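K.L.:
mind looking at a prediction? Sequence and model below.
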Amino acid sequence: MRALVVGALVLAGGTAHADVRLFTRTYEYSTVPEGRTTIDLWHTQGRTSWDADTAQAFAQVLEVEHGITDSIDLALLTTFEEVTLGRATTALSLRETRVTGRYRFVERAEWPIDTMVHVSAAKDFGASIYRFEGKLVGARDFDRITVAANAILELDLGNDVDGHDLVFSAAAGASYQLHPTLRAGAEGVGTFESDLQPISLGPVVNWFPTSSFWLTVGAGFGVTDEADAFAVRAILGLEL
């Protein structure tokens, strides 16, 4: 029994240092450790409404992250997508390439709210569309509960962009540790128009049997007429 307890504590400590994603749409206070590299595979699938003839979308993301220091990491993401409308299906195609960077100001729990900045730049394939995004990430641990919130600002530029308006959005989630290797919670995403319009809300589960392997699965259900009816996302992480 003592061996099991010690093993669980070692595993929990190692996992806390790794870049484990507790959520699928909300970034928390985490970066890849210095000198380490992670490969994340994202799979997203959803539909615009519950009608049988509405569009369904599939997206696959390959993300490679590397820790520059324990507080700074850089990542390259490549996104592929496929859209189905009735019986017509588009071929799986490259959608965009994105470069991101994250910076944690202090170590976890040194400030009342753990604060991190996340910036990214992306280019749509085959179109003159450039996306620039900045996130301000805030998080806090309360014993077994982790709460995180993101304030997001996005700007699209290019000849194929209709206008250059700034888009404000937000994401937030809470996760509870059920077991040293299992967490469950909920998260939501919204955009700012005249007021905060919630887009989706749903459950999320994270399983991390080791510090170098984890799986997070989340589902989002639309709560406004403008939102997609349903989307599910799974992220598999491997630390090298």
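P.N.:
Ah, there it is.

K.L.:
buried set for the helix or strand hosting Thr78?
P.N.:
Counting by DSSP states H and E, the element that carries Thr78 is strand 72-85. The neighbour-count check on strand 72-85 (16 or more other Cβ atoms under 10 Å) flags Asp73, Ala75, Leu77, Thr79, Glu81, Glu82 as buried. No exception for glycine: its C-beta is placed from N, CA and C like everyone else's.

K.L.:
quick check, nearest of those residues to Arg21?
P.N.:
Closest approach between the buried residues of strand 72-85 and Arg21, by Cβ to Cβ: Ala75, at 12.2 Å.

K.L.:
who does that closest one form a beta bridge with?
P.N.:
Counting by DSSP bridges, Ala75 is bridged to Glu65, Thr100.

K.L.:
I figured it hits Gly67, correct?
P.N.:
No: if you go by Cβ atoms under 8 Å, Ala75 and Gly67 don't touch, sitting 10.2 Å apart.

K.L.:
so who does Leu178 touch?
P.N.:
Residues near Leu178 by Cβ atoms under 8 Å, 6 or more residues apart in numbering: Ala184.

K.L.:
distance of it relative to Ala121?
P.N.:
37 Å (Cβ to Cβ, to the nearest Å).

K.L.:
could you pull up phi and psi at Glu107?
P.N.:
phi -70, psi 160 (degrees, to the nearest 10).

K.L.:
which residues in this protein form strands?
P.N.:
With DSSP state E applied, the chain shows strands at 37-47, 55-67, 72-85, 88-89, 93-104, 114-124, 130-142, 145-157, 166-179, 182-192, 196-210, 213-222, 230-239, listed in chain order.

K.L.:
could you dump those to a markdown table with mean pLDDT?
P.N.:
As requested, the strands of the chain are exported to a markdown table (pLDDT from 0 to 100):
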| stretch | mean pLDDT |
| --- | --- |
| strand 37-47 | 93 |
| strand 55-67 | 91 |
| strand 72-85 | 90 |
| strand 88-89 | 65 |
| strand 93-104 | 95 |
| strand 114-124 | 97 |
| strand 130-142 | 96 |
| strand 145-157 | 96 |
| strand 166-179 | 95 |
| strand 182-192 | 94 |
| strand 196-210 | 89 |
| strand 213-222 | 94 |
| strand 230-239 | 94 |
